[in-house]
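Trainee: no sequence for this one, just the structure:
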RNA sequence: UGGCCUAUGGUGUAAUUGGCAACACAGCUGGUUUUGGUCCAGUCGUUCUAGGUUCGAGUCCUAGUAGGCCAACCA
């Protein structure tokens, strides 16, 4: 079987066209260029999957390049987390690069531009320059310093580099066109003076290049053929090309910038600034809080690399703004975990169930299938006894026939065990049920092959033996925001839509086979959802995170 | 008041480049099931508007409408 012919996205169409037009496939090269000023989120995952996926498809190298031109915001912590996240997603970069590695080259090229009359030192305040910049609908005016001599510019620029001037006193600007309809072409800044220690170059420089001047030239240095970024950089393309044209030397690869629509997810926010705000205001416990749309948050919540890659693949790549339904992300993780996660029994909201005709003190270890979706997963033993926990929601004193669970006088199968019949309840003075008393049919044991064991009863419940169960902390997550588009309201901050119940911490009871499981191990708590082990887990105390619930048809029926 | 980008079911993304609008998710119906999960079958629903070119337009042209981006010494 040949693999399904997958349709190409518009970036791939462009690459195919370039190859058609004679661009040599071995010169194809990509890069993923994060700024190390925050943790990567699911939107970056889309970009990572795009760039590294392209690299795989075209057998082309993909560089990881840290776009570190602003020492005020960038930190090593972020570099480390970014590398970890990309590796975890399953991708390998060719070279690990830093824009700061090119500071000298960039400086030399800037001198070249000055010599060619393409750049000049401006000595006005930022306010004055902003004033002269004009607006999208009105043209700008030239700086009084625009026509400084090459010699003066060269001298000033060198002294800027040497630290002779205070921050803010001078900048280097490209000399382009103050009346361009594209604001970015109105003599954009190339350099500013910043007396800040850089996470890599230390105090070597007090002159730092701006994004536009840095990015395209870095692509050029690395011979990136296709420089893929998000839509908001589209107007930068003209400048990207202008800068390149001023330093380009003939046989080399001239990088091409192309733009795609960034990922948006409903019920969350997706900008590093806003995510940082959630962290700084302690709305969440950190960048890797499972409620965050960060890669580290999703990982901690129990998402798998395969699920995220599948998601990125499914949402596609195009040029129109989009808002993806989180239901799609949830579908992707369920699909993956359904195949991989071992099934176990856990009771999260327990009520005691006593089997009155089961001998006191007796216990049995029953066979339980680990994963019906994976025949190689094998089975395990689970302990059964007279006293069990079941979910409070699985019992009602009376209910209609749509309720496939336990009710007084009704029968139900205990998963992997026996058919039971509810006989009586014991309540406290407030009417709260303390115990459910039932009887079991000793001949109905699962898998025993008896006629009784083959009987069809409508409901099957999960359970744990009170005596054998392990206590565990279980963290239940709900969406962080109550609004579908929390940051789309002009008059309200996204912070006003935070879901106060996004985290519930409860104590649950899990079957004893879970003793000794490792961080990040995934499980399906049968009939409840997927859970994984949090890093806060210890030998003494298990801590689970809820990854996602199972699809819940009952919830829909119930609410009708 | 300018320039640029985008417009296909509820949400996304395709359409052999001008030739029967399809795939996934979501929704709904039913079946199987010792998970109200999975799986299976079925179903709902789509080319922003108006003109034009053409034998034929989602695709090309014109105008309109709607949404997005652009005035940081951020990236």
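Mentor: Cool, got the structure. Quantities reported herein were computed from a predicted structural model and do not represent experimental measurements.
Trainee: I'd like the next helix or strand past the helix or strand containing residue A:151.
Mentor: Using DSSP states H and E, residue A:151 sits in helix A:150-161. The helix or strand immediately downstream of helix A:150-161 is strand A:171-174, counting by DSSP H and E.
Trainee: close to RNA strand B, is that following strand?
Mentor: Yes: using CB under 7 Å from any atom of the strand, strand A:171-174 reaches RNA strand B at residue A:171. Using the backbone N, CA and C atoms, a C-beta is placed for each residue, glycine as well.
Trainee: Provide the contact partners of that strand at residue level.
Mentor: A:110, A:113-114, A:118-122, A:129, A:143, A:157, A:160, A:187-193, A:213, A:239, A:242-243 (CB atoms under 8 Å, 6 or more residues apart in numbering).
Trainee: For residue A:80, give its distance to residue A:66.
Mentor: Separation of residue A:80 from residue A:66 (CB to CB, to the nearest Å): 11 Å.
Trainee: higher neighbour count, the two?
Mentor: residue A:66 (24 against 11; other CB atoms under 10 Å).
Trainee: got the contact list for that one?
Mentor: Going by CB under 8 Å, 6+ apart, the list of residues near residue A:66 reads A:33, A:34, A:35, A:36, A:74, A:79, A:82, A:97, A:98, A:99, A:100.
Trainee: ranges for the helices of the stretch 51-200 of chain A?
Mentor: Remark: helices assigned in the stretch 51-200 of chain A by DSSP state H, counting those that start in this stretch are A:76-89, A:103-115, A:126-133, A:150-161.
Trainee: Could you do the stretch 301-450 of chain A as well?
Mentor: A:305-315, A:326-340.
Trainee: OK, contacts around the closest residue to RNA strand B within the stretch 401-550 of chain A?
Mentor: Residue of the stretch 401-550 of chain A nearest RNA strand B, by CB to the nearest atom of the strand: residue A:446 (2.3 Å). Residue A:446 makes contact with A:366, A:367, A:413, A:415, A:416, A:417, A:418, A:453 under the criterion CB under 8 Å, 6+ apart.
Trainee: In three-state terms, how would the last one be classified?
Mentor: Yep, that's residue A:453 we're talking about. Of the three states, residue A:453 takes helix under DSSP: H, G, I helix; E, B strand; the rest coil.
Trainee: Verify the contact between it and residue A:440 for me.
Mentor: No: using CB atoms under 8 Å as the test, residue A:453 is too far from residue A:440 to be in contact (12.0 Å).
Trainee: okay, the two: which has more neighbours?
Mentor: Neighbour totals were compared for residue A:453 and residue A:440, and residue A:440 leads with 20 against 16 (other CB under 10 Å).
Trainee: give the contact list for that one.
Mentor: Residues near residue A:440 by CB under 8 Å, 6+ apart: A:355, A:357, A:358, A:414, A:418, A:419, A:420, A:421.
Trainee: Spell out which parts of the stretch 151-300 of chain A neighbour RNA strand B.
Mentor: A:167-169, A:171, A:181-184, A:189, A:192-194, A:208, A:210-212, A:214-215, A:231-236, A:261.
Trainee: So chain A: which segments form each domain?
Mentor: Per the record's domain assignment (automatic domain parsing), chain A is made up of the domains A:3-260, A:272-342+A:472-558, A:346-462.
Trainee: Mind putting those into a markdown table with mean pLDDT?
Mentor: Compiled in a markdown table, the domains of chain A are given as follows (pLDDT from 0 to 100):
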| stretch | mean pLDDT |
| --- | --- |
| domain A:3-260 | 97 |
| domain A:272-342+A:472-558 | 96 |
| domain A:346-462 | 96 |
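Trainee: Distance to residue A:266 added to the ones you listed, as JSON lines?
Mentor: Formatted as JSON lines, these follow (distance: least, CB to CB, whole Å):
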{"stretch": "domain A:3-260", "distance to residue A:266": "12"}
{"stretch": "domain A:272-342+A:472-558", "distance to residue A:266": "5"}
{"stretch": "domain A:346-462", "distance to residue A:266": "27"}
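Trainee: Which positions in the stretch 301-450 of chain A make contact with RNA strand B?
Mentor: Within the stretch 301-450 of chain A, the positions adjacent to RNA strand B are A:314-325, A:327-328, A:331, A:334-335, A:338, A:343, A:371-373, A:402-405, A:413, A:415-417, A:444-447 by CB under 7 Å from any atom of the strand.
Trainee: Drop the exposed ones from these and show what's left.
Mentor: A:315, A:317, A:324, A:331, A:334, A:338, A:343, A:371, A:403-405, A:413, A:415-417, A:444-446 (16 or more other CB atoms under 10 Å).
Trainee: Now residue A:242. Its backbone dihedrals?
Mentor: phi -60, psi -50 (degrees, to the nearest 10).
Trainee: all strands for the stretch 351-500 of chain A, in order.
Mentor: Per DSSP state E, counting those that start in this stretch, the stretch 351-500 of chain A carries strands over the ranges A:363-369, A:379-385, A:387-391, A:395-396, A:406-407, A:411-414, A:419-427, A:433-440, A:460-461, A:464-465, A:470-477.
Trainee: Out of the contacts of strand A:171-174, which end up buried?
Mentor: A:110, A:113-114, A:118-122, A:129, A:143, A:157, A:160, A:187-193, A:213, A:239, A:242-243.
Trainee: that older thread, and among the strands of the stretch 351-500 of chain A, the most buried is which?
Mentor: strand A:464-465 (a mean of 24; mean count of other CB atoms under 10 Å).
Trainee: Could you tell me which strands that strand is paired with, and in which direction each runs?
Mentor: Partner strands and pairing direction for strand A:464-465 (DSSP bridges) are strand A:387-391 (antiparallel).
Trainee: what angle do the strand it pairs with and strand A:419-427 make?
Mentor: Angle of strand A:387-391 versus strand A:419-427, following axes from the mean of the first three to the mean of the last three CA atoms, to 10 degrees, is 90 degrees.
Trainee: Need the contact partners of strand A:387-391.
Mentor: With CB under 8 Å, 6+ apart as the test, strand A:387-391 has contacts from A:347-355, A:406, A:414, A:436, A:461-467, A:469, A:509.
Trainee: Can you give the contact residues for the helix or strand harbouring residue A:216?
Mentor: Taking DSSP H and E as the criterion, residue A:216 maps to helix A:211-221. If you take CB under 8 Å, 6+ apart as the criterion, helix A:211-221 is touched by A:31, A:33, A:65, A:67, A:69, A:97, A:99, A:102, A:105-106, A:109-110, A:174, A:184, A:188, A:190-191, A:227, A:236, A:239-241, A:243-244, A:247-248, A:252-255, A:257.
Trainee: Which among those count as buried?
Mentor: By 16+ other CB under 10 Å, these give A:31, A:33, A:65, A:67, A:69, A:97, A:99, A:102, A:106, A:109-110, A:174, A:184, A:188, A:190-191, A:227, A:236, A:239-241, A:243-244, A:247, A:253-255, A:257 as buried.
Trainee: And the closest residue to residue A:253 other than its chain neighbours, how close does it get to residue A:251?
Mentor: Excluding its sequence neighbours, the residue lying closest to residue A:253 (CB to CB, 6 or more residues apart in numbering) is residue A:223, at 4.6 Å. Going from residue A:223 to residue A:251 by CB to CB gives 11 Å.
Trainee: One more: residue A:508?
Mentor: Distance, residue A:508 to residue A:251, by CB to CB: 66 Å.
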